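Colleague: sequence and predicted structure, then a few things I'm wondering about:
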Amino acid sequence: MNNGSVTSLKKNKKDPDPDIDVFTCPLCLRHYSDPKQLDCLHNFCEGCLNTYITSKEKKDLLDGKFTCPICHIPTSISVPESNPETWTGQLPDNSLITSLAEGVPLNSETQVCTPCKREGKTSAAKHWCRDCFEPLCEFCKGIHRKIKQITGHRIIPLEEARNKPGNRRLEPKTDETCTEHKGKTVELFCLGHRKLCCVVCFATNHRECHGIKMIDELVTDIKSTGELAEVVDAMTEIVHRADEQIADKSQATTLLNLKYAELTEKIELLTQKAIERLELLREESLRRFEKFHIKETKALEHRMSVLQSSKLAMDLDLKYLEAVAKHGSSSMLFITSERLRHQIGFHREILTVDKEKAEDLDYIFEFNEHFLATAEKITSLGKLRVQRSNVEENNHVNGEQRLERTAPVIDIATRSLETYTVMPGKIPHTIMGHPDPFSLKLIKEKDYNGSTPNERRIVWFTGGMFMADGVHFLMADYNNHKLKKFKRDVYYPVMEFPLDSAPCDVTAANNDDEIIVTLPHVCKIVHYRINNEGLKLLGAITTHSAPEGVASMGDKIVVSFGDCIKIIGEDGVEIQTIPTLESFTYTAPVVVSRDNQKIYHRDGDAIVCRSHDGEEVFRYQDRALREPAGLALDFEDNIYVCDCKSNTIFQVTSDGSRGRVVRSARVNVGSPVGIGFDQTGRRLWVTANIRRSGQLLTMFYLIN
């Protein structure tokens, strides 16, 4: 058994979560107001707890019990049949929390006014606010009295707060209530049963026990005894194991997400192959049917033509005979009728040969009965199951062997060990090596909302960049004339930087805290220093036409315009101009490789790669690439292109030899116009044109 003190324990154990404040109600996240304690020892404001209880359904409040909002352990009410609105009044007050909280002024750091300290100022504290739990100077005390929302806060002199008897933190006065006998105070402890007892507990259940002690007898030097160390050890161990299991479940969720993406793609591929096969059979059957139909209808048309000729001949002969009979001699009539008699036999033979009637004609298609029977038997594309393997683990805690329930291991565990490096709480990075570019997949990570309060215009992101820390990224909101800073795990922007004109694109400069922004409306390329206080103008270049895309290339920048690409030196002098075909998309993107040796840009509907001195390396065109917008490069300089007309993301290999659509309707992002990778080349953002779709900004990452 460890006999060290609590202080020594904390040096060897993981510290508690720094975001947890024992003086803050877990429900309202404010300092406790009339704290009430549940049977599980968790505490809540009386008002918060009452709202929680009364919001529960009746079926959840049976037998006078309700569950703790944190641990879900039930707490019993002394009068079960009473109205739930009165239950909080039956719970014990936690005077310990109140006493400890009011002991905060004894901390030596409270000599300085906390509100002033937050602003970087140093002011001597003279007062203590019991509602804010902060020391105040004379000025901040006056502010409290002027602001309506906090004018009722209880402010006392700092010395009075220090000298109050209840503020002696080593011995806060508290009366702990017995959990079994409401209203009774815990005064005794049974060593044999390790049970806290009130006088009723002692009289009813522990009268025969020999190890009954008064609590006051046992608390001497408790901080230095092994008893407290054992409790701290056990609690810390639970926290540590919980962290491990949470990380494991997070990893399992991530791996299942990867497997889900892989299998859904396989299901789509299988379905597509089946559809393609059916389409092939359908087209072949229709082709043969059409050929057969054309042959039959042509034969019918030929017979109709023969019959029509025969009918016309008989009509003419009949009229001729009538004319001879009316105007000719008898001998002429005899000769003509005999000649026509021979013609009648010919035409009668034509009619005799063609006896087929319309009702005798029909098409019959004998369907493949084997195919139909097989199709009817197919009820699914496959069987779905969750594979788990039981792994026994032996854990040794305090010298005792304990068998733990193992977490299920999914059927991609083997692959995960070989393919992914998974850290707790992080998205896995694929150990890619040099994979086939067409084996790479995009996995959706998070959607973002770029709008901020009081904006009258819809958000329209046209460009952006990841910041040097890899956690934040900066987006150019063209419509609202702002740069907006995002954090990867936060849904809304964490900061915004208003500009005088609409930004089209933004890129990192040579220093981590410097950026370059294009402002097409005023024909300027602006150089800023960026920090949490705002933007500081370092310089600007005025151009003859509207700059759009921009990328850094060492001590130079590459800027795209509607009809050309320009390489500009750090002194603002144009080094080279490369003409391009004018396009009517929203931006003319440009991107530079990580080694600053290649430039990629759009030229009409083609994607062009150039060397750093402007010489063309390759040009890629594809019928599937209809209206290229944004450009970005992954970790191996494969090119990713936003096609805002076909609503796809197109991938071109780094050598320009192959291309493909990497996005499908299953993960459609609307009309993509902007795209950008982080420094690793594995995580990317995609922006969608809000005028065509309802989406704004989505984060993805690459796997193979």
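Modeller: Looks like it arrived, so ask away.

Colleague: when you work out contacts or count neighbours from here on, use the C-alpha atoms and nothing else.
Modeller: Will do.

Colleague: can you list the residues that contact whatever helix or strand Leu535 lives in?
Modeller: Element membership for Leu535 (DSSP states H and E) is strand 534-542. Residues external to strand 534-542 that are found in contact with it (Cα atoms under 8 Å, 6 or more residues apart in numbering): Phe497, Cys523, Lys524, Ile525, Val526, His527, Tyr528, Arg529, Ile530, Gly572.

Colleague: one more: stretch 39-57?
Modeller: 25-28, 32-37, 66, 68, 70-71, 73-76, 84-85, 87-89, 94, 179.

Colleague: picking that back up, now, the contacts of strand 534-542 that are in helices?
Modeller: Among the contacts of strand 534-542, no member falls in helices (DSSP state H).

Colleague: narrow these to those that are buried.
Modeller: Buried members of those, scored by 16 or more other Cα atoms under 10 Å, are Phe497, Cys523, Lys524, Ile525, Val526, His527, Tyr528, Arg529, Gly572.

Colleague: quick one: low-confidence ranges for the stretch 601-704 of the chain?
Modeller: Along the stretch 601-704 of the chain, the parts satisfying pLDDT under 70 run over 663-670, 689-695, 704.

Colleague: helices of that one, residue ranges please.
Modeller: All residues of the stretch 601-704 of the chain lie outside helices when identified by DSSP state H, counting those that start in this stretch.

Colleague: what does the host helix or strand of Asp216 contact?
Modeller: Assigned by DSSP H and E, Asp216 falls within helix 215-218. By Cα under 8 Å, 6+ apart, the surrounding residues in contact with helix 215-218 are Glu187, Leu188, Phe189.

Colleague: partner residues bridging the second one?
Modeller: Bridge pairing for Leu188 (DSSP bridges) gives the partners Cys197, Met214.

Colleague: wasn't Gly192 part of a helix?
Modeller: No - counting by DSSP: H, G, I helix; E, B strand; the rest coil, Gly192 is not part of a helix but coil.

Colleague: contact partners for it?
Modeller: So Gly192 contacts Cys209, His210, Gly211 (Cα under 8 Å, 6+ apart).

Colleague: from these, list just the buried residues.
Modeller: Neighbour-count burial (16+ other Cα under 10 Å) applied to those gives no buried members.

Colleague: in TSV, list those along with secondary structure and pLDDT.
Modeller: Shown next, in TSV, are the contacts of Gly192 (DSSP: H, G, I helix; E, B strand; the rest coil; pLDDT from 0 to 100):
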residue	secondary structure	pLDDT
Cys209	coil	87
His210	coil	81
Gly211	coil	83
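
Colleague: returning to that earlier point: now the strand holding Leu535: buried residues?
Modeller: Buried residues in strand 534-542, counted by 16+ other Cα under 10 Å: Leu535.

Colleague: let's see that strand as CSV, backbone CA atoms only.
Modeller: What follows is strand 534-542 as a C-alpha-only set of coordinates in CSV (Å, rounded to 0.1, in the frame of the first residue of the first chain):
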residue,chain,number,x,y,z
GLY,A,534,-6.0,42.0,-36.3
LEU,A,535,-4.2,42.7,-39.6
LYS,A,536,-1.2,45.1,-39.9
LEU,A,537,-0.5,46.4,-43.4
LEU,A,538,3.1,45.7,-44.5
GLY,A,539,2.8,46.7,-48.2
ALA,A,540,0.7,46.7,-51.3
ILE,A,541,1.2,46.3,-55.1
THR,A,542,-1.2,48.1,-57.5
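
Colleague: ok, that strand: who's next to it in the sheet?
Modeller: In its sheet, and by DSSP bridges, strand 534-542 pairs with strand 524-531 (antiparallel).

Colleague: chain center to the strand it pairs with, what's the gap?
Modeller: Remark: strand 524-531 is offset 30 Å from the chain centroid, using Cα atoms, centre = their mean, to the nearest Å.

Colleague: ok, now stretch 329-336?
Modeller: A distance of 102 Å separates the centroid of the chain from that of stretch 329-336, by Cα atoms, centre = their mean.

Colleague: before we move on, back to that, could I get the contacts of helix 215-218 in a markdown table, plus columns for pLDDT and neighbour count?
Modeller: Formatted as a markdown table, these follow (pLDDT from 0 to 100; neighbours: other Cα atoms under 10 Å):
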| residue | pLDDT | neighbour count |
| --- | --- | --- |
| Glu187 | 85 | 18 |
| Leu188 | 88 | 20 |
| Phe189 | 88 | 23 |
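
Colleague: quickly list what Val517 is bridged to.
Modeller: Assigned bridge partners for Val517, using DSSP bridges, are Val506, Val526.

Colleague: so how many other residues sit close to it?
Modeller: Val517 is flanked by 28 other residues according to other Cα atoms under 10 Å.

Colleague: so it sits against Ile525, correct?
Modeller: Yes - shown here, Val517 and Ile525 form a contact pair, counting by Cα atoms under 8 Å, at 5.8 Å.

Colleague: contacting residues around stretch 148-155?
Modeller: Applying Cα under 8 Å, 6+ apart, the external contacts of stretch 148-155 come out as His127, Trp128, Cys129, Arg130, Asp131, Cys132, Lys141, His144, Arg145.

Colleague: what is the nearest of those to Arg303?
Modeller: For the contacts of stretch 148-155, the minimum distance to Arg303 (Cα to Cα) is 103.5 Å, reached by Cys132.

Colleague: what does the model give that closest one for pLDDT?
Modeller: Note on Cys132: pLDDT of 74.

Colleague: when you give positions from now on, start the count at 29
Modeller: Sure, I'll start numbering at 29, so the last one becomes Cys160.

Colleague: contact partners for it?
Modeller: His59, His181.

Colleague: try it again at 10 Å.
Modeller: With contact taken as Cα atoms under 10 Å, 6 or more residues apart in numbering, Cys160 is in contact with Arg58, His59, Ile178, His181, Arg182, Ile183.

Colleague: pLDDT and distance to Gly658 added to these, as a markdown table?
Modeller: Shown next, in a markdown table, are the contacts of Cys160 (pLDDT from 0 to 100; distance: Cα to Cα, whole Å):
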| residue | pLDDT | distance to Gly658 |
| --- | --- | --- |
| Arg58 | 80 | 46 |
| His59 | 79 | 49 |
| Ile178 | 82 | 51 |
| His181 | 84 | 55 |
| Arg182 | 84 | 58 |
| Ile183 | 88 | 58 |
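
Colleague: TSV for those residues, including neighbour count, secondary structure and distance to Asp271?
Modeller: Below are those laid out as TSV (neighbours: other Cα atoms under 10 Å; DSSP: H, G, I helix; E, B strand; the rest coil; distance: Cα to Cα, whole Å):
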residue	neighbour count	secondary structure	distance to Asp271
Arg58	14	coil	26
His59	21	strand	27
Ile178	13	helix	39
His181	13	coil	39
Arg182	13	coil	40
Ile183	21	strand	40
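
Colleague: so can I have JSON lines of those showing distance to Gln707?
Modeller: Shown next, in JSON lines, are the contacts of Cys160 (distance: Cα to Cα, whole Å):
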{"residue": "Arg58", "distance to Gln707": "40"}
{"residue": "His59", "distance to Gln707": "42"}
{"residue": "Ile178", "distance to Gln707": "47"}
{"residue": "His181", "distance to Gln707": "49"}
{"residue": "Arg182", "distance to Gln707": "52"}
{"residue": "Ile183", "distance to Gln707": "51"}
